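In: Here is a sequence with its predicted model. Questions after.
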Amino acid sequence: MRVTYLTGTTVYLRALLATDKETVAAWFPSPFPKSVAAAEEWLKESYGSWGSGKPTYLIIAQYSDDQPVGSCSLRTHDYRRAFLNFTMAPWLDNADELRAEALRLLIPWLRDDQEFMSVLVSIASDELATIAAAEELGLEQNVRLREYIARPGKRVDGFLYQALNTPWKVADA
């Protein structure tokens, strides 16, 4: 199920499907493994709807094999503000590049097509390709959380980048 406006060169974004319970380790946002049965239950009961305040999950899938490689949690408030948080399969060597491509698809769609006032994106300081994509798209770093994200054997800073829609920008006074 490929949606043309959320299609990149190596990945595309799509809605969650019941069959995604089989690949839950690639997309579910948790540091702990989730079983297929638990994923199926979660898909039935916990999935949010657009604008409900609950996150809507978009699967990031590869073209090469149509397998999920991650997800993007999209939380909206009042149909004006959106917050994105990515989860990528922990075994991927190219997770940063795939996340960056997904970001390049999502920001124009949310900011320009859906006309959200602002879109906030959580990015770890060691995700250099994603940071480059955010800056290329005109996002600005607003927050730096020192040693906020745990990595094997260390902690890294977390950033919040913001895409502000053009009608809401105010020139410096």
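Out: Sure thing, it's come through.

In: Wait, a helix at Leu84?
Out: No. Read with DSSP: H, G, I helix; E, B strand; the rest coil, Leu84 is strand and lies in no helix.

In: you'd agree it is up against Ile123?
Out: No. Here Leu84 does not reach Ile123: they are 9.3 Å apart, not a contact under Cβ atoms under 8 Å. Heads up, the C-betas are built off the backbone N, CA and C, glycines and all.

In: Between the two, point out the one with more neighbours.
Out: Regarding Leu84 and Ile123, a neighbour count based on other Cβ atoms under 10 Å identifies Ile123 as having more, with 26 against 22.

In: ok, then the element right after the lengthiest helix in the chain?
Out: As assigned by DSSP state H, the longest helix anywhere in the chain is helix 95-107. Per DSSP states H and E, the first helix or strand lying C-terminal to helix 95-107 is strand 118-124.

In: outside of that next one, which residues touch it?
Out: 80-86, 103, 106-107, 110-111, 130-131, 134, 139, 142, 149, 151, 156-165, 168 (Cβ atoms under 8 Å, 6 or more residues apart in numbering).

In: In the protein, where is pLDDT below threshold?
Out: The chain contains residues with pLDDT under 70 at 1-5, 45-53, 169-173.

In: the helices in it, which residues?
Out: Using DSSP H, helices in the chain cover 24-27, 36-45, 95-107, 128-136.

In: and the closest residue in space to Glu101 that isn't next to it in sequence, what does it touch?
Out: Distances taken as Cβ to Cβ, 6 or more residues apart in numbering place Gly8 nearest to Glu101, at 4.6 Å, with adjacent residues excluded. By Cβ under 8 Å, 6+ apart, the residues touching Gly8 are Glu101, Ala102, Arg104, Leu105.
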